[in-house]
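S.K.: Pasting the sequence and the predicted coordinates here, then a few questions.
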Amino acid sequence: MRIGRVLLAVGICAWGTDVRAQGTTTTTTNTAATVTTADGAFTEFVPSSETIVVRTEKNPAPLRYVVTKQTTIVDEAGVPIAIEKISAGSALSVQYTGTGDRLVASRIVVKKAPVPAERNTTTTTTTTTRPLTRDEKEAVKEEVDKRKEQVEKAKEKEKERVEELKDKAEDDDED
């Protein structure tokens, strides 16, 4: 009787794990490595670390996948896509190897169907300004005057250059 209960408990645990895994992750094992496929929404590409950031419905924290030269990035029809062309929110299917902090993408399929947004958010930025002090006003005025002088000098130089070109053109016409 006890053995039957233990077997039943093990069977329920194994069945429960399989049911949870079917949602967005599939694991395939070959002789070289275990390849896992995860579906989610593209968040961003970080060129400095060669990683893409993907958010899934089941995982509140975004997942980061390393993109290598061997990583294939295609659309559903198999046509290659530049990673820079993937827009935020695009549905992805990422095949990867590794565990923990080092997930290496081997194939990324960009799906055409949009991923529903988790929630609509609006960001409002409010900027408050204070009146300039007398010293700040004087500094701004000096900077404006200095730039006006630079513009006037540049105009004069340009006029001189145009006159020189006219003179040179007239000399060439006389020859």
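M.R.: Structure received. Residues are numbered from 1 along each chain as shown.

S.K.: pretty sure Ala91 belongs to a helix, no?
M.R.: No - under DSSP: H, G, I helix; E, B strand; the rest coil, Ala91 sits outside any helix and is assigned strand.

S.K.: quick one: contacts for the most centrally placed residue in the chain?
M.R.: The chain has Glu44 as the residue nearest its centroid, 2.4 Å off, counting by Cα atoms, centre = their mean. Neighbour list for Glu44: 52-53, 88 [criterion: Cβ atoms under 8 Å, 6 or more residues apart in numbering]. (Glycine included, C-beta is placed from N, CA and C.)

S.K.: So it, which state does it fall into?
M.R.: Quick answer, by three-state DSSP: Glu44 is strand.

S.K.: what's across from it in the sheet?
M.R.: Assessed by DSSP bridges, Glu44 has beta-bridge partners Val53.

S.K.: And it, how close does it get to Lys153?
M.R.: 45 Å (Cβ to Cβ, to the nearest Å).

S.K.: now swap in Arg102 and tell me
M.R.: 58 Å.

S.K.: Any stretches of the chain with poor pLDDT?
M.R.: 1-33, 113-121, 175 (pLDDT under 70).

S.K.: which residue ranges form the strands in it?
M.R.: For the chain, applying DSSP state E gives strands covering 25-29, 34-46, 51-55, 63-75, 90-97, 103-114.

S.K.: In TSV: those, plus distance to Asp145.
M.R.: Output for the strands of the chain, formatted as TSV (distance: least, Cβ to Cβ, whole Å):
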stretch	distance to Asp145
strand 25-29	65
strand 34-46	44
strand 51-55	48
strand 63-75	52
strand 90-97	51
strand 103-114	54
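
S.K.: Figure out which of those is closest to Thr126.
M.R.: Taking Cβ to Cβ, strand 34-46 is the member of those nearest to Thr126, at 26.1 Å.

S.K.: buried sites along that closest one?
M.R.: Buried residues in strand 34-46, counting neighbours by 16 or more other Cβ atoms under 10 Å, are found at 36-43.
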